[in-house]
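Participant: the following comprises the amino acid sequence and a computationally predicted model.
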Amino acid sequence: MKREIIENEEARLNALRNLRLLDTPLSESFDRITRMASRLLGAPVSTISLTDRDRQWFKSRFGVDLAEIPRAEAPCNYAIHSDEVFVVSDLLEDARFKESVLARAGIRFYAGAPLITRSGYGLGTLCVIDDKPRRMSEDEQHVLVDLAAMVMTQIELQNTIGRIDPTSGLPNEHQLFEDLEDLAKRSPGERKVGLMVELVSPRQISLGMRVLGATYAEELIRNSTEIIRLAIGDRSRIYHVGLTRCVVVLDDPADRSWDAIAHDLQRRLHDSTPCAGIPVSSDPVVGAYAFQTDKVCPRDVLRRLFNAADDARTSGRVIASYNETHDRAHTRSFRLLSDMREALERRGEFSLVYQPVMDFASGRYAGAEALLRWKHPSLGEVLPAEFIPPVEETAFTRPLTEWVLNAAISQVAEWQRFRDVGKISINASARNLEETDFADRVAGILEKYAVPPRSIQLEFTENSVLGDNPRVLEQLRALKRLGVSIAIDDFGTGYSALSYLQQFPANVLKIDRAFIKALPTSEHDQKLVRALIHMAHDLGYRVVAEGIEGRAAYDLLAQWKCDEAQGFYIAGPMSVERVEKWLAPTMVES
Ligand code: C2E
Ligand code: MG
Ligand code: MG
């Protein structure tokens, strides 16, 4: 059967490069074949010659020392365009080659069998060369073709390694990339839809692995892919692209019936799957992304599928389509994280603003909260609500908090030379409390700037102090021993009972602004906040209300004996110079 050869030079070069064969060392598995070709065909020289953009590079060579020759004029260059053996009985008799480098070097005879991939790209040839002119019988040509097929098997074999997931035996993401690239070339413009199935949530994986060991994920994927195969038939390969994630690529029909397929998959997988004899319930979600084969690069297809599956998981839906807005946000987060290191090193990108905090009883300024600002060189002002959450997932948490602590504490030192500035509150991250030297480092910075620990307060959000991580408690206790005040920030947004928080050595509760916002109108919030203040006082906390935006809320909170007030009603966050005017009334007389 004749194979069709794709005549697209860029695509061909791409296929060749993807095999990662060019400029690799010689290898016995290929040399064995050239040796055999020379012996069987009685030719002094044989090579496996790969046709790169402007050279023939020899993956294997028998009887010759050259590593490569120029592509122009090389007979191999002709051989890759046909499915048949290309024979030149005498180079000197052939106008195309009589002036060629090979002919000038004394070569007279050439026969090359093309090396063609399954997708139809001519990679190069297995060729035999002689310094005498000769003919090649049909039998000899068959031998060369068979040996060329062996070369291709060897190439494919090498290439399969790294493309098959060893646990599931399924093609992995590298294979998916290659198949998508092929699709783009073979059927440009065709519409496809990728479905990513995430079998269980990351939390379930860690639980399952803890109980059942590695078998958990392995059996889950094995059993589930069987179910997927039954559902989609042979419409797509199933790619295994993560511990418990797989991808299928289907045609995207005009009626979007893939949506029904996605629901069907989700339903079938939702029933429990046996795993090590135990029925394990899986909690699958499906992310879908419809695309045009030649418009999106394969890596973006996979990334968008991840985003869609993630969206499905976090939004509590079972199926979600790729959402460009979410993707832009992810991409922006990624960009911010990539730029973070330089921003930390350069001066002037990060700065702190200060929001005054007022004492209800005296109506006077009690201190301020330091809030981080980032002036990104090209994105402009970026607020912490956008960049802090992704940072907290990375190792930047440590240097960023270090920067904030240094900036805030050195500022306090500067202010304290002239005036009493009250307590300056600094936000730190949950992850910082897992650092075993966190309290020591805070102590070190305070000492460096000769600032007494009682001048500062560290804020941690409610969620961050939760859990029974002994390291977290140890750091909190060490901070308290040091004499630093500790506040539980955004209180009320987590799920902890106040009594439970008692084990945490905190002095201050900051009621989240979500409860303050509707205070004047919501009777429910009024009851809640009033009870909260009473209980917190009983337990010995000072209470700060954040996000006070108007007189009504301020008055209610004052009436309920809330201790401190923070919010736009009093003052928003401001620069060092502006906040200094607030500090002025308490200026230390010198
Ligand atoms: P947070 O610690 O609860 O800080 C209070 C946030 O509420 C600030 O937002 C502040 O500008 C805003 N705010 C103050 N008064 C009002 C008001 O009356 N109404 C409304 N709607 N908002 C008000 P910001 O500066 O954007 O910071 C957001 C969050 O980012 C902070 O919440 C904190 O969790 C985090 N953050 C800020 N700076 C840092 C930092 O240096 N390190 C860390 N780890 N997190 C920080
Ligand atoms: Mg705060
Ligand atoms: Mg807060």
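Facilitator: Structure's in. What do you need? Computed from a prediction, not measured in an experiment: that's the story for all the values here. Numbering: from 1, shown residues only. Ligands and ions are numbered 1, 2, ... in the order given.
Participant: how about the stretch 201-350 of the chain: which residue is closest to ligand 1?
Facilitator: Nearest residue of the stretch 201-350 of the chain to ligand 1: Phe350, at 8.8 Å (Cβ to the nearest ligand atom). Where you see a C-beta, it was placed from the backbone N, CA and C, and this is true even at glycine.
Participant: does anything pack onto the top strand by length along the chain? Which helices or strands?
Facilitator: Scanning the chain for the strand with the most residues, using DSSP state E, yields strand 364-376. Packing contacts for strand 364-376, counted by 3 or more Cβ pairs under 8 Å, 6 or more residues apart in numbering; DSSP states H and E, involve helix 324-345, strand 350-359, strand 380-382, helix 384-391, helix 397-416, strand 423-427, helix 576-583.
Participant: hang on, isn't the residue of the stretch 201-350 of the chain closest to ligand 1 packed against Ala343?
Facilitator: Yes. Counting by Cβ atoms under 8 Å, Phe350 touches Ala343, with 6.3 Å between them.
Participant: any common contacting residues for those two?
Facilitator: Residues within reach of Phe350 and of Ala343 at once, by Cβ atoms under 8 Å, 6 or more residues apart in numbering, are Trp374.
Participant: show me where pLDDT drops low in the stretch 1-150 of the chain?
Facilitator: Filtered on pLDDT under 70, the stretch 1-150 of the chain yields the residue ranges 1-2.
Participant: would you list every one of the helices in it?
Facilitator: For the stretch 1-150 of the chain, helices defined by DSSP state H, counting those that start in this stretch occupy the ranges 9-18, 28-41, 76-79, 101-104, 138-160.
Participant: a markdown table for those, including mean neighbour count?
Facilitator: A markdown table is the format used below for those (neighbours: other Cβ atoms under 10 Å):
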| stretch | mean neighbour count |
| --- | --- |
| helix 9-18 | 16 |
| helix 28-41 | 18 |
| helix 76-79 | 22 |
| helix 101-104 | 16 |
| helix 138-160 | 16 |
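Participant: what residues does this structure put near ligand 1?
Facilitator: Selection of the chain residues close to ligand 1 by Cβ under 6 Å from any ligand atom yields 355, 371-372, 383-385, 388, 404, 427-429, 459, 489-490, 513, 546-549, 566-568, 573.
Participant: which PyMOL command selects the buried ones in the residues you listed?
Facilitator: PyMOL command restricting the residues of the chain next to ligand 1 to the buried ones, with burial defined by 16 or more other Cβ atoms under 10 Å:
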select buried, resi 355+371+372+404+427+428+429+459+489+490+513+546+547+548+549+566+567+573
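Participant: check the residues of the chain next to ligand 1 one by one and keep those near ligand 2.
Facilitator: Subset of the residues of the chain next to ligand 1 in contact with ligand 2: 427, 459, 489, counting by Cβ under 5 Å from the ion.
Participant: counting neighbours, what do you get for Met136?
Facilitator: Using other Cβ atoms under 10 Å, Met136 has 20 other residues around it.
Participant: if we can go back for a sec, nearest to Arg578 among the ones next to ligand 2 among the residues of the chain next to ligand 1?
Facilitator: Among these, Asn427 lies closest to Arg578 (Cβ to Cβ), at 19.8 Å.
Participant: tell me the contacts of the closest one?
Facilitator: Asn427 neighbours (Cβ under 8 Å, 6+ apart): 369-372, 384, 404, 458-459, 489.
Participant: what's across from it in the sheet?
Facilitator: Counting by DSSP bridges, Asn427 is bridged to Glu459.
Participant: give me the pLDDT value at it.
Facilitator: If you check Asn427, the pLDDT there is 97.
Participant: that one and ligand 3: what is the separation?
Facilitator: Shown here: Asn427 relative to ligand 3, a distance of 8 Å by Cβ to the ion, to the nearest Å.
Participant: then Met196?
Facilitator: Taken as Cβ to the ion, the span from Met196 to ligand 3 is 36 Å.
Participant: extract the C-alpha trace of the helix or strand hosting that residue and format it as CSV.
Facilitator: Applying DSSP states H and E as the criterion places Met196 in strand 191-198. Only the C-alpha atoms of strand 191-198 are listed here, as CSV (Å, rounded to 0.1, in the frame of the first residue of the first chain):
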residue,chain,number,x,y,z
ARG,A,191,-13.4,22.6,15.2
LYS,A,192,-12.7,20.3,18.2
VAL,A,193,-13.7,20.1,21.8
GLY,A,194,-11.4,18.9,24.5
LEU,A,195,-12.9,17.5,27.7
MET,A,196,-10.8,17.2,30.8
VAL,A,197,-12.2,14.8,33.5
GLU,A,198,-10.9,15.4,37.0
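Participant: show me this protein divided up by domain.
Facilitator: 9-160, 173-322, 333-582 (automatic domain parsing).
Participant: can you give me the helices in the stretch 201-350 of the chain?
Facilitator: Taking DSSP H, counting those that start in this stretch as the test, the helices found in the stretch 201-350 of the chain are 202-212, 215-232, 258-270, 298-315, 324-345.
Participant: list the contacts of Ser410.
Facilitator: Tyr449.
Participant: hmm, I was thinking of Val404
Facilitator: Applying Cβ under 8 Å, 6+ apart, one finds that Val404 lies in contact with 352, 370, 372, 426-428.
Participant: before we move on, what about Gly367?
Facilitator: Counting by Cβ under 8 Å, 6+ apart, Gly367 has contacts 356-357, 421-425, 457.
Participant: do Thr47 as well
Facilitator: 34, 58, 60-62, 64, 126-127, 129.
Participant: in JSON lines, list the residues you listed along with distance to Tyr554.
Facilitator: Output for these, formatted as JSON lines (distance: Cβ to Cβ, whole Å):
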{"residue": "Thr34", "distance to Tyr554": "88"}
{"residue": "Phe58", "distance to Tyr554": "83"}
{"residue": "Ser60", "distance to Tyr554": "83"}
{"residue": "Arg61", "distance to Tyr554": "86"}
{"residue": "Phe62", "distance to Tyr554": "90"}
{"residue": "Val64", "distance to Tyr554": "90"}
{"residue": "Leu126", "distance to Tyr554": "86"}
{"residue": "Cys127", "distance to Tyr554": "89"}
{"residue": "Ile129", "distance to Tyr554": "93"}
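Participant: who wins for neighbours among the residues you listed?
Facilitator: Of these, with other Cβ under 10 Å as the count, Leu126 tops at 31 neighbours.
Participant: can you tell me how far it is from Leu147?
Facilitator: 6 Å (Cβ to Cβ, to the nearest Å).
Participant: and for these two, which residues touch both?
Facilitator: With Cβ under 8 Å, 6+ apart as the test, Leu126 and Leu147 both reach 33, 37, 113.
Participant: leaving out chain neighbours, which residue sits closest to the residue of the stretch 251-400 of the chain found nearest ligand 3?
Facilitator: Residue nearest to ligand 3 within the stretch 251-400 of the chain: Glu369 (8.4 Å; Cβ to the ion). Closest residue to Glu369 apart from its sequence neighbours, by Cβ to Cβ, 6 or more residues apart in numbering: Ser425 at 4.1 Å.
Participant: list the contacts for the one you found?
Facilitator: By Cβ under 8 Å, 6+ apart, the neighbours of Ser425 are 357, 367-370, 456-459, 487.
Participant: 10 Å instead, please
Facilitator: 354-355, 357, 367-371, 408, 456-459, 485, 487, 489, 508, 510, 544, 566 (Cβ atoms under 10 Å, 6 or more residues apart in numbering).
Participant: got it, and Pro70?
Facilitator: By Cβ under 10 Å, 6+ apart, the neighbours of Pro70 are 54-56, 77, 100-101.
Participant: so which of the residues you listed comes closest to ligand 3?
Facilitator: Out of the contacts of Pro70, the member with the shortest distance to ligand 3 (by Cβ to the ion) is Asp54, at 62.9 Å.
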